[in-house]
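S.K.: Fold the following.
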Amino acid sequence: MSPPVAPPGWSRWLVPPAALSVHLSIGQAYAWSVFKPPLESALGLSGTQSALPFQLAIVMLGLSAAFGGTLVERNGPRWAMTVALVCFSSGFLISALGAATEQYWLIVLGYGFVGGIGLGIGYISPVSTLIKWFPDRPGMATGIAIMGFGGGALIASPWSAQMLESFGADHSGIALAFLVHGLSYALFMLLGVLLVRVPRAAEPAAGDGPAVVQGVQVSARSAVRTPQFWCLWVVLCMNVTAGIGILEKAAPMITDFFADTSTPVSVTAAAGFVALLSAANMAGRIGWSSTSDLIGRKNVYRLYLGAGALMYALIALVGDSSKPLFILCALVILSFYGGGFATIPAYLKDLFGTYQVGAIHGRLLTAWSTAGVLGPLIVNWIADRQEEAGKHGSSLYTLSLFIMIGLLAVGFVANELVRPVHVRHHHVPAPREAADAARPPSQQPESA
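M.R.: The predicted structure is shown next:
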């Protein structure tokens, strides 16, 4: 499947909606916590067990992005979006079969393994293309698309809760909800497959922006050999671990925090809290990534990691005394969490150039795989052990929150160590590449 090339006059502003159709769909992953209590009740699972499909999905996201990044660069965004559509929707259909037959391993296989491949390929599918269309505003461009991944749960969380209420929270109701998800997301993702285009080869995409190929250019093979890549790997891993563990258990967590107060949180309100977190996640992706175009990537990561640690400290120390404070801190944390994802492609572009930024981004997402295991494992395992020890309420999470603060501190230090890439790692373009990069603006495709 050859990449569809934009005809003259094609508006670059049609590309972000194509990316959004995919990212809004695969962003359903952030609503997994809505399915946790029904699965635990219907299939007799522990909190750690019910987190397994989500954890495996995030692991496969990072691995498929890492191994598939070069293929995405080679085959283009339409091929990648098609693969994502098939895998993500098939994962739901396999999970529906698993729930219907009460075979939990099929849910793990479907949602976690097959669906996780769809997550990874779908996540990176538009990144390189967007940066090439918007070389003048890479933070904003990637933020628009990746915003959809953060905002997917804003749609999926109340939608899933309503389906479970209508179909029932037993295994057959869960199966029907999975089936509806799989078919609906397949249709929605198809819009992106049909709409996406790439700019004409080796030409800048915007008359008001710099050339697509300019400045520092580093290949994916060379990038992974630089200390800058591994510093950013640590930054992303720590930031994601600190956020994803809380997000994966968001609905049960807010219920537990205020279970012993005069204002307990209902199941419906907990699902609404997940949707609010999704909104903050989504807003942070476009808001903070656009801000990074103005204040710089390193400075915005200082904010994510430093202020994020402060928010976690407030929740750990006084979060159970004030519901508004708990919610506000959680919303700020999730905005930083989402902003970190949306800013990282632009950070990579600043350090390594646009030459193979999609493939580099894919390799960096192995940090997400690691965090996808660590975050939920830390929070769920500690909560289970604390519950066995007779503790309840916010005491189930205090230790986890302080661990997250420590991880953010490690990420802060790693961000401070980032420096420009040494010239020995730079890619030297072939004569034809250099000539193409020097084409005048008059040969550029028109944009809106």
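S.K.: all contacts plus neighbour counts: C-alpha atoms, from now on.
M.R.: Will do.
S.K.: Run the chain-centre distance for stretch 160-169.
M.R.: 26 Å (CA atoms, centre = their mean, to the nearest Å).
S.K.: try stretch 43-57
M.R.: With CA atoms, centre = their mean, you get 19 Å for stretch 43-57.
S.K.: Ok, stretch 313-330 next?
M.R.: Computed by CA atoms, centre = their mean, the chain-centroid distance of stretch 313-330 equals 24 Å.
S.K.: contacts for it?
M.R.: 257, 258, 273, 277, 311, 312, 394, 397, 398, 401, 402, 405 (CA atoms under 8 Å, 6 or more residues apart in numbering).
S.K.: tell me the contacts of the fourth one?
M.R.: Counting by CA under 8 Å, 6+ apart, residue 277 makes contact with 154, 247, 330, 331, 334.
S.K.: is it true that the second one touches residue 32?
M.R.: Spelled out, that is residue 247. No - between residue 247 and residue 32 there is no contact under CA atoms under 8 Å: 9.2 Å.
S.K.: Redo the contacts of stretch 313-330 as CSV? Include secondary structure.
M.R.: Converted to CSV, the contacts of stretch 313-330 look like this (DSSP: H, G, I helix; E, B strand; the rest coil):
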residue, secondary structure
257, helix
258, coil
273, helix
277, helix
311, helix
312, helix
394, helix
397, coil
398, helix
401, helix
402, helix
405, helix
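S.K.: Between those residues, which sits nearest residue 366?
M.R.: Within those, proximity to residue 366 (CA to CA) peaks at residue 405, which comes in at 21.6 Å.
S.K.: Could you check how far the closest one is from residue 386?
M.R.: 19 Å (CA to CA, to the nearest Å).
S.K.: In terms of neighbours, single out the busier of the two.
M.R.: Neighbours were counted for residue 405 and for residue 386 using other CA atoms under 10 Å; residue 405 has more, 23 against 17.
S.K.: State the pLDDT value of the more buried one.
M.R.: At residue 405, the predicted lDDT confidence score is 94.
S.K.: residues touching it, list them.
M.R.: Contacts of residue 405 by CA under 8 Å, 6+ apart are 242, 309, 310, 312, 313.
S.K.: In stretch 158-165, which residues are buried?
M.R.: 158, 159, 160, 161, 163, 164 (16 or more other CA atoms under 10 Å).
S.K.: give me the low-pLDDT residue ranges for the stretch 1-150 of the chain?
M.R.: 1-3, 150 (pLDDT under 70).
S.K.: Would you map the strands across it?
M.R.: With DSSP state E, counting those that start in this stretch, there are no strands along the stretch 1-150 of the chain.
S.K.: quick one: residue 292 and residue 142, what's the gap?
M.R.: Using CA to CA, residue 292 is found at 12 Å from residue 142.
S.K.: Also residue 51?
M.R.: The gap separating residue 51 from residue 142 is 29 Å, by CA to CA.
S.K.: what sits up against stretch 387-404?
M.R.: Counting by CA under 8 Å, 6+ apart, 241-242, 256-260, 309, 312-313, 315-316, 320, 378-379, 382-384, 386 sit against stretch 387-404.
S.K.: Now the closest residue to residue 38 other than its chain neighbours: phi and psi?
M.R.: Spatially, and ignoring its direct neighbours in sequence, residue 38 is nearest to residue 169 (5.5 Å; CA to CA, 6 or more residues apart in numbering). With angles defined as degrees, to the nearest 10, residue 169 sits at phi -100, psi 10.
S.K.: Give me the neighbour count for residue 169.
M.R.: Residues near residue 169, counting by other CA under 10 Å, number 20.
S.K.: Next: residue 295.
M.R.: Residue 295: 10 neighbours (other CA under 10 Å).
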